[in-house]
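>>> Pasting the sequence and the predicted model now:
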Amino acid sequence: MTAAVARALTLWGLDGASYELAAQRENEVWKVSDGTRHYALRFHRPAYRSEAELTSELLWVEMLGQAGMQVPQPVRQPDGAVLGRIEGRHVSLLDWLGGRPLGKMGQLAPDLDAEAVGRMIGAQMARMHDLSDRWTPPAGFQRPDWRRSGLLGADPLWGRFWEHPDLDPAQRQLMIATRERALACFEDFAPGADQGLIHADLVVENVLVDHDRVAFIDFDDGAWGYRDFDLATVLVKFIGQPDYDRLRAGLCAGYDARRRVEPGTLDFMLLLRALTYPGWIMSRLDEPGGRQRSARMLDTALRLARDFMEERQR
């Protein structure tokens, strides 16, 4: 793999730069240094995103960075291209951002105040949404769609969550009934909901903290969707934890200073966000820690599904 990294770096004129593996998650990320600057070289997952989708992601992030947001700014090749291809895989290069992750595995770092950091995230998210709404995407811009069909259609973007193999018959029926009820009452929540480009993956590993600033990284799942869904993604893995109420209060306060938060819509989006994860984990069950992650995702999804069905029956 290191030979492929060296070949990729030549696309950006970084022959001879040093590099080390930084992360092997959905994408493979290498930290690169030319002695002056640090970069993140990403080898994108094969067959996950089209060339048009990847280029669109990078152009969106470039716009956000040029507007002053703390995001990893794409580095263009000498010919102006933002995307390359090595051994059949797309590659991109971005500036390396300082700071540390907000936490790990859905938990805040112990020295962080949940409400204060939530307020910072909410304010930055509102700014991201403001900038995205003012931006005119270029011709050919393509990103996935996380709205009604992508969340609850016959083939959701992240998989048919009601078919998770670890669901027992009663749990599977609950998931099916919840999906049907959510589809039926979708018009109660979403028609007036704020929509546009969203990050869609602001989990703790993708928010970097640097003193009184936060930065957003990993826009790989950025999409068209509901803004409350973006807020829900920050919160959903904290459900049931002591930090949840303070994090939610701070997040909503920071966001609501610029853009409106509707609590009922946010609760609905928390349900929909939770339902996506059992679909996502199905193809990853045999990965290290996959079963444990799956159990946590199912627990949250089933909990919110029960609450939703009970609430709709009152």
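Received it, and whenever you're ready, just let me know what you need.

>>> In this protein, which residue is most central in space?
Nearest to the geometric centre of the chain sits residue 201, at 1.1 Å (C-alpha atoms, centre = their mean).

>>> neighbours of the closest residue to it other than its chain neighbours, just the number please.
Counting by C-beta to C-beta, 6 or more residues apart in numbering, the nearest residue to residue 201 once its immediate chain neighbours are dropped is residue 221, at 4.2 Å. Glycine gets a C-beta too; all of them are placed from N, C-alpha and C. A total of 24 residues lie near residue 221 under the criterion other C-beta atoms under 10 Å.

>>> Which stretches in this protein count as helices?
Counting by DSSP state H, the chain has helices at residues 2-10, 51-66, 114-134, 148-152, 169-184, 186-189, 227-235, 244-256, 263-281, 290-312.

>>> The second one vs helix 114-134, what angle?
With axes from the mean of the first three to the mean of the last three C-alpha atoms, to 10 degrees defining the directions, helix 51-66 sits at 110 degrees from helix 114-134.

>>> quick one on the thing from earlier: assess the claim that the residue nearest to the centre of the chain and residue 225 are in contact.
No: applying C-beta atoms under 8 Å as the test, residue 201 and residue 225 come out as separate, 11.1 Å apart.

>>> ok, back up a step: starting from residue 15, give me the distance back to the residue nearest to residue 201.
Per C-beta to C-beta, to the nearest Å, residue 221 is found 32 Å from residue 15.

>>> re earlier: tell me who's in contact with the residue nearest to residue 201.
Listed by C-beta atoms under 8 Å, 6 or more residues apart in numbering, the contact set of residue 221 reads 144, 199-201.

>>> For residue 213, see how far away it is.
23 Å.

>>> contacts for the helix or strand bottoming out on mean pLDDT in the chain?
The weakest-scoring helix or strand in the chain, judged by mean pLDDT, DSSP states H and E, is helix 186-189 (a mean of 81). Contact partners of helix 186-189, identified using C-beta under 8 Å, 6+ apart, comprise 148, 152, 264-265, 268-269.

>>> do the same with stretch 24-34
By C-beta under 8 Å, 6+ apart, stretch 24-34 touches 1, 5, 9, 14, 17-23, 38-45, 48, 93, 96, 218, 220.

>>> at 7 Å what do you get?
The contact list for stretch 24-34, computed with C-beta atoms under 7 Å, 6 or more residues apart in numbering, reads 5, 9, 14, 17-23, 38-45, 96, 220.

>>> Drop anything exposed from those.
5, 9, 14, 17, 19, 39-44, 96, 220 (16 or more other C-beta atoms under 10 Å).

>>> Including distance to residue 183 and pLDDT, could those residues go into CSV?
Below are the buried ones among the contacts of stretch 24-34 laid out as CSV (distance: C-beta to C-beta, whole Å; pLDDT from 0 to 100):
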residue, distance to residue 183, pLDDT
5, 45, 95
9, 48, 96
14, 49, 95
17, 51, 93
19, 47, 95
39, 44, 97
40, 39, 97
41, 42, 97
42, 36, 97
43, 38, 96
44, 32, 95
96, 43, 96
220, 27, 94
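
>>> Sitting in strands, which of those do you find?
19, 39-43 (DSSP state E).

>>> Would you format those as CSV with distance to residue 187 included?
Below are these laid out as CSV (distance: C-beta to C-beta, whole Å):
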residue, distance to residue 187
19, 51
39, 46
40, 42
41, 45
42, 39
43, 42
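
>>> For the residues you listed, work out which two are farthest apart.
39 and 43 (13.3 Å; C-beta to C-beta).

>>> how does this structure divide up, domain by domain?
If you go by automatic domain parsing, the domain ranges for the chain are 2-96, 103-312.

>>> quick one: low-confidence parts of the stretch 51-200 of the chain?
By pLDDT under 70, the low-scoring segments of the stretch 51-200 of the chain are 190-191.

>>> circling back to that earlier point, what is the nearest of the ones in strands among the buried ones among the contacts of stretch 24-34 to residue 78?
After measuring those against residue 78 - C-beta to C-beta - the closest member comes out as residue 39, at 15.1 Å.

>>> Isn't that closest one up against residue 74?
No: using C-beta atoms under 7 Å, residue 39 is not in contact with residue 74, being 10.2 Å away.

>>> Mutual contacts of the two, please.
residue 94.

>>> returning to what we had before: spatially, which two of the contacts of residue 221 are the most separated?
The distance between the two most remote of the contacts of residue 221 (C-beta to C-beta) is 12.4 Å, for 144 and 199.

>>> now residue 91: how far from residue 10?
11 Å.

>>> Between those two, which has more neighbouring residues?
Using other C-beta under 10 Å, the more surrounded residue of residue 91 and residue 10 is residue 91, with 24 against 14.

>>> Hmm, residue 6 and the more buried one touching each other?
No: contact criterion C-beta under 7 Å: residue 91 and residue 6 do not qualify, at 11.8 Å.

>>> In space, what's closest to residue 200 - neighbours in sequence excluded?
Using C-beta to C-beta, 6+ apart, the nearest residue to residue 200 is residue 221, at 4.5 Å.
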